[in-house]
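> Kindly return the folded structure for what I paste below:
(2 chains)
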Amino acid sequence: MRKFIVILLLLVFILTSVAALFGQTKISPLNIKERTLKNGLRVVSLQDNASPTVAIHVWYDVGGKNDPEGRSGFAHMFEHMMFKSTKNMPNEKMDRLTEDVGGFNNASTADDFTNYYEVVPSNYLETLLWAESDRMVNLNVDETNFASEREVVKEEFRQSVLAQPYGRLYEFINSLSFQTHPYKRGVIGNLDELSAATTKDANEFYKLFYRPDNAVLIVVGDFEQAQFDAWTNKYFGRIASIKTKIPRVTVSEPERIAEKRFLQTAPNVPFPAVAITYFAPTSKSADAPALRIAETILSGGESSRLYQELVYKQQIAQEASFNADIRVDKGLLYFLSIASEGKSAAELEKSLLSELNKIQNSLVTANELQKAKNQLIARKLRELETNDGKAIAIERAVAFQGDPKTVNTDIQKLQAVTASDVQRVMKKYFTDKNRMVIYYQQEVGVNSK
Amino acid sequence: MKIDKSKIIRVVLALGILHFAYLFGAYAQETPPAPAAPKSVRIPAVLEKKLANNLTVAVIERKTVPLVTIQLVVKSGAETEKVEKAGLANLTASLLTKGTKTRTATDIAEQIEFLGGSINSGAGWNNTAISITITSDKLEQALAIMSDVVLYPNFEQKEIDLLKTQTLDGLTYNLKQPGFLANYVASAYSFGEHPASGTPASINLIKRENITEFHQKNFQPQNSVLIFTGDIVATKANALAKQYFGKWENKSKNNPTVFKNVGKKNQEAKRILVVDLPNSGQAAVNYTKNLQGVPRIKQNLFFSATVLNSLLGGGYSSRLNQEIRIKRGLSYGAGSSFAWRVGYSNFGTRTQTKNESAAEVAELVLAEVNKLADGSIAESELMPRKSVLTGSFGRNLETTQGLAAAVADLYSFGLPTSELNSYMNNVQTVSDQQIKNFAAANLMGGDIVIVGDYAKFKDDLAKRFPNLKIKVIKADEVDLSKENLRK
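Coordinates of the predicted model:
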């Protein structure tokens, strides 16, 4: 039995090598180094001296799903506080150490994780390692900063949700898709619960989740490995180990038992839209690569099925997409479409479901399959152009696969997907009882178009 | 999420003690370690050649990643279209990829996407660009498609009809967003231009013959530059350029002479324009000014303006973002920019805030603009803002796409490509006095443009600006083709 598997693997290898000869550009594996400090901090590094810059990412295993009860949006709001003062740095010192020397910094909060990152001229690497280690343990949360940053986050909510015609629809996709899992709250939260948050919440949250054994340091760029390791030991190695357990989200979302439908309205919505969601498998599922291929065949570019059918031929939609929003616990697979002038959400739904039927009932063509693979490989190559892009790719491997090395194997997994794999996953997850449908349109009587 | 609250508190207490011991036991306050010596950034050389048909071919070789960007720049954009046909340049550019004599729109998308790439085409104010980024082994196939769409588009009526409908739907959608609407009205009100995306009225007026004429007149090799950046050697790029664009013929003896928009006469007094968008989730607050006599090619003015902008509204720690976001929490972000033209430029600040604070934010923006002319600029503030510019300049050149865009920009204004190498030094030599002079001479007397739910800031606006006339237009009555901007 064992031997048989080895032979199969060899065959796959030969087939992919042949593919490589016939026009598949080869992506050289990233030669990443990985180690874990005594306090539990995982360190992933990739030396690349091609340009004199370095990308530094600190990834924390905490996200919107870890918001405290009654504090929707908290993890994200806390992320803003990480740019304020620490024991050793005044407010916005991170900007002085990055922006002011020709670099940049930012951070983002997702459902499953939070990341902080900067790209700086490589002669500032030691300075930034010191600074990241400092804000991992020495943050001050004061009332003035907290109050002001809360207002900033509220403006962020207004800008991304309220001031955009389809901003609220994205919030509905989460809040109506999930019943029990905290994914239902969305990362940005809501104005009332942001108002309720206190500095006490912030201090508790910081101590619970911001610790070396809940973080991964990823550094890519212009450094010498031995020097980098020494700096990492010096600045991160001295952070004390913490023995207490990190709280994890353990609640699981129940399976859907019957289709659900909703009608939602909002002001300033010029055209009706529809969202159709299904539960996805977890990010480590073996079905994820086939779903990624299906996403590309349905929705990757103007030659994709949804564009060709709904936008180009039927002309009922100005946008039609399918998204494999695969998350660590259980994400969403969803169709989203905005109608053309005079067309209805019902027409969009009918056509989207008809496209779903097609991909479930007959195999995708060899040409479509190869095109999807070519698109995904080229996208990855473009991502690997910069140090920051490489760090992002490694970070994604950490976040969704729990292993930075998978950055070097994800393309092989995509290459191995067959037409029948695509058909199988499209049948498996897209069942009638796993469906939730939202119609979204202009509210009646107010500012109608 | 269900977590036992009392348990959290116990955990926190335990952690708190550890944390405390760590802070005071391990070390006293530290200062950050100093940086090592800086390394220099290498800016690659542009290798330029002309084909027999006068098409300029520019190549930047860089072999770190097997990718190539091909970009064809035609040096005519929205500035050459009449206001009643606003959007013509952009429609023409978008239609290139919607069918040729031998390929349908679907064929083009299918073929380029099979290669793992995409083909983008669009018009800005000064130029039209068509670009593809592709793995280097697919370069020739991609170039064959690009050459076909540039030389032999067939502008089929059904594709024109579809694109017009899509553009109109897109406008309807965008005009519900306060930020877009503010830029849209400012293009006419403050800059004396028209939106390059067109208006509902102008899109409806564009006919096939306008498109074919625009293409005939402007898409000529003598008016264009073909740029290659990335994993390719110049000799091969030149040979490929000749193979795929050598047959491209000039339609006129000389470069096309076309109508060019000239912007707006400088006005003296500040004015306020409000576009009322009821139930808008936020108000967009812009300060806008057309700058006659400040064209891109005047290098001393360009670099003064560029450093001024970094100080005022370029990047996170610029003055506008400091005052509006960081100090007061009034917005998610505030910034400014210059839009460069051949004969002038347009200056604008942008931010969005809750409707209730629109007037307060307008006042803060004005104060910061005025302060550029009367306030002082410390060297300790100016130096980091210059680093922001040089740093992002270098980062933009890290990708083949960024390199191609930078080169395309220089060719569009007829500037020498050697500016890639002098940019950093030119930024460094701008003085605080040059910035103050520039601000005093050019930025005063502009317009405040606010788009939002007027009822929520009407009284506050009148109170804060008692001496300025406030013009109000309802969002659904906006018509840029009318002198008073109203239907």
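
> Who does the most centrally placed residue in chain B form a beta bridge with?
Per C-alpha atoms, centre = their mean, the C-alpha nearest to the average position across chain B is that of residue B:339, at 7.3 Å. Per DSSP bridges, the residues bridged to residue B:339 are residue B:346.

> surely it meets residue B:305?
No. Counting by C-beta atoms under 8 Å, residue B:339 does not reach residue B:305; the two are 10.9 Å apart. Quick note: C-beta positions are derived from backbone N, CA and C, even for glycine.

> Which segments of the chain make up each domain?
As the question left the chain open, I've gone with chain A. Listed by automatic domain parsing, the domain ranges of chain A are A:33-235, A:260-442.

> other chain: chain B
If you go by automatic domain parsing, chain B breaks into B:47-245, B:271-477.

> average pLDDT across the first one?
Predicted confidence along domain B:47-245 averages 96 (mean pLDDT).

> Three-state assignment for residue 395, please.
Went with chain A since none was named. helix (DSSP: H, G, I helix; E, B strand; the rest coil).

> Chain B is the one I meant
helix.

> and it, how far is that from residue A:81?
As judged by C-beta to C-beta, to the nearest Å, residue B:395 and residue A:81 stand 27 Å apart.

> Residue B:370 too?
Distance from residue B:370 to residue A:81, by C-beta to C-beta: 33 Å.

> The two: who's more crowded?
Neighbours were counted for residue B:370 and for residue A:81 using other C-beta atoms under 10 Å in any protein chain shown; residue A:81 has more, 21 against 14.

> right, and the more buried one touches residue A:145 too?
Yes. Residue A:81 lies in contact with residue A:145 (C-beta under 8 Å); the separation is 6.8 Å.

> What's the first helix or strand after the worst-scoring helix or strand of chain A on mean pLDDT?
The least trusted helix or strand in chain A, going by mean pLDDT, DSSP states H and E, turns out to be helix A:2-21, with a mean of 33. The helix or strand immediately downstream of helix A:2-21 is strand A:33-36, counting by DSSP states H and E.

> Partner strands of that next one, with direction?
Strand A:33-36 has the following strand partners under DSSP bridges: strand A:42-47 (antiparallel).

> which neighbours do residue B:339 and residue B:305 share?
B:345, B:347 (C-beta atoms under 8 Å, 6 or more residues apart in numbering or on different chains).

> Near chain A, which residues of the stretch 201-350 of chain B are found?
Where the stretch 201-350 of chain B comes near chain A, counting by C-beta under 8 Å from any C-beta of the partner chain, the residues are B:277-282, B:315-317, B:325-332.

> what helix or strand is residue B:37 on?
Per DSSP H and E, there is no helix or strand for residue B:37.

> what about chain A, any weak spots by pLDDT?
Within chain A, the set of residues satisfying pLDDT under 70 comprises A:1-25, A:445-449.

> For it, just list every one of the strands.
Assigned by DSSP state E, the strands in chain A fall at A:33-36, A:42-47, A:53-60, A:104-109, A:114-121, A:215-221, A:260-266, A:273-279, A:317-325, A:332-339, A:436-442.

> Adding mean neighbour count, write the ones you listed out as TSV.
Formatted as TSV, the strands of chain A follow (neighbours: other C-beta atoms under 10 Å in any protein chain shown):
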stretch	mean neighbour count
strand A:33-36	13
strand A:42-47	21
strand A:53-60	25
strand A:104-109	18
strand A:114-121	24
strand A:215-221	26
strand A:260-266	15
strand A:273-279	23
strand A:317-325	22
strand A:332-339	24
strand A:436-442	21
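
> Let me know the average pLDDT across stretch B:251-260.
Per-residue scores along stretch B:251-260 average to 76.

> How about stretch B:398-411?
On average, stretch B:398-411 scores 95.

> So for that stretch, what gets flagged as buried?
For stretch B:398-411, burial by neighbour count (16 or more other C-beta atoms under 10 Å in any protein chain shown) applies to B:398-411.

> So which of those residues sit within helices?
B:400-411 (DSSP state H).

> which one of these is nearest residue A:215?
Distance to residue A:215, by C-beta to C-beta, is smallest for residue B:402 among these, at 31.0 Å.

> Tally up the residues packed near the spatially closest residue to the closest one that is not a sequence neighbour, please.
Computed as C-beta to C-beta, 6 or more residues apart in numbering or on different chains, the closest residue to residue B:402 that is not its neighbour in sequence is residue B:396, at 4.1 Å. If you count neighbours by other C-beta under 10 Å, residue B:396 ends up with 13.

> Likewise for residue A:284?
13.

> got it, and residue B:193?
Other residues near residue B:193 come to 24 when the count uses other C-beta under 10 Å.

> Check the gap between it and chain A for me.
Distance of residue B:193 to chain A, given as C-beta to the nearest C-beta, to the nearest Å: 25 Å.

> ditto for residue B:450
Per C-beta to the nearest C-beta, residue B:450 is found 14 Å from chain A.

> how about that residue, secondary structure?
strand.

> check which helix or strand covers whichever residue of the stretch 101-250 of chain B sits closest to chain A.
Closest to chain A within the stretch 101-250 of chain B is residue B:116: 3.0 Å, counting by C-beta to the nearest C-beta. Counting by DSSP H and E, no helix or strand carries residue B:116.

> how many neighbours does the closest residue to it other than its chain neighbours have?
Nearest residue to residue B:116 in three dimensions, chain neighbours excluded: residue A:378, at 3.0 Å (C-beta to C-beta, 6+ apart). Residue A:378 has 22 neighbouring residues, counting by other C-beta under 10 Å.

> check contacts around residue A:378.
Contacts for residue A:378 were tallied using C-beta under 8 Å, 6+ apart; they are A:25, B:115-117, B:134-135.

> what does residue A:231 give?
Counted by C-beta under 8 Å, 6+ apart, residue A:231 has contacts A:125-126, A:129.

> Can you add distance to chain B and neighbour count and give the residues you listed back as TSV?
Below are the contacts of residue A:231 laid out as TSV (distance: C-beta to the nearest C-beta, whole Å; neighbours: other C-beta atoms under 10 Å in any protein chain shown):
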residue	distance to chain B	neighbour count
A:125	8	23
A:126	5	21
A:129	8	24
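
> Hmm, residue A:375 and the residue of the stretch 101-250 of chain B closest to chain A touching each other?
Yes. Using C-beta under 8 Å, residue B:116 is in contact with residue A:375, at 5.3 Å.

> higher neighbour count, those two?
Neighbours were counted for residue B:116 and for residue A:375 using other C-beta under 10 Å; residue B:116 has more, 26 against 23.

> Need the nearest residue in space to the residue of the stretch 351-487 of chain B found nearest chain A, chain neighbours excluded.
In the stretch 351-487 of chain B, no residue comes nearer to chain A than residue B:391, which is 2.6 Å away by C-beta to the nearest C-beta. Of all residues not flanking residue B:391 in the chain, residue A:102 sits nearest, at 2.6 Å (C-beta to C-beta, 6+ apart).

> can you pull the contacts of that neighbour?
Going by C-beta under 8 Å, 6+ apart, the list of residues near residue A:102 reads A:120-121, B:387-388, B:390-392, B:394.

> Ok, residue B:406 next?
Residue B:406 touches B:396-397, B:420, counting by C-beta under 8 Å, 6+ apart.

> residues near residue B:276, how many?
Neighbours of residue B:276 (other C-beta under 10 Å): 19.

> in terms of contact, does it touch residue B:475 like I think?
Yes. Between residue B:276 and residue B:475 a contact is recorded at 6.1 Å, counting by C-beta under 8 Å.

> what's the burial count for the residue lying closest to residue A:161 once chain neighbours are set aside?
Distances taken as C-beta to C-beta, 6+ apart put residue A:167 closest to residue A:161, at 4.0 Å, once the chain neighbours are dropped. Applying other C-beta under 10 Å, we find 20 other residues in the vicinity of residue A:167.

> Tell me who's in contact with residue A:167.
Residue A:167 makes contact with A:160-161, B:281, according to C-beta under 8 Å, 6+ apart.

> Enumerate every residue touching residue 249.
Reading this off chain A. By C-beta under 8 Å, 6+ apart, residue A:249 lies in contact with A:65-66, A:181-182, A:329, B:1.

> I was thinking of chain B, sorry if that wasn't clear
Counted by C-beta under 8 Å, 6+ apart, residue B:249 has contacts B:53, B:220-221.
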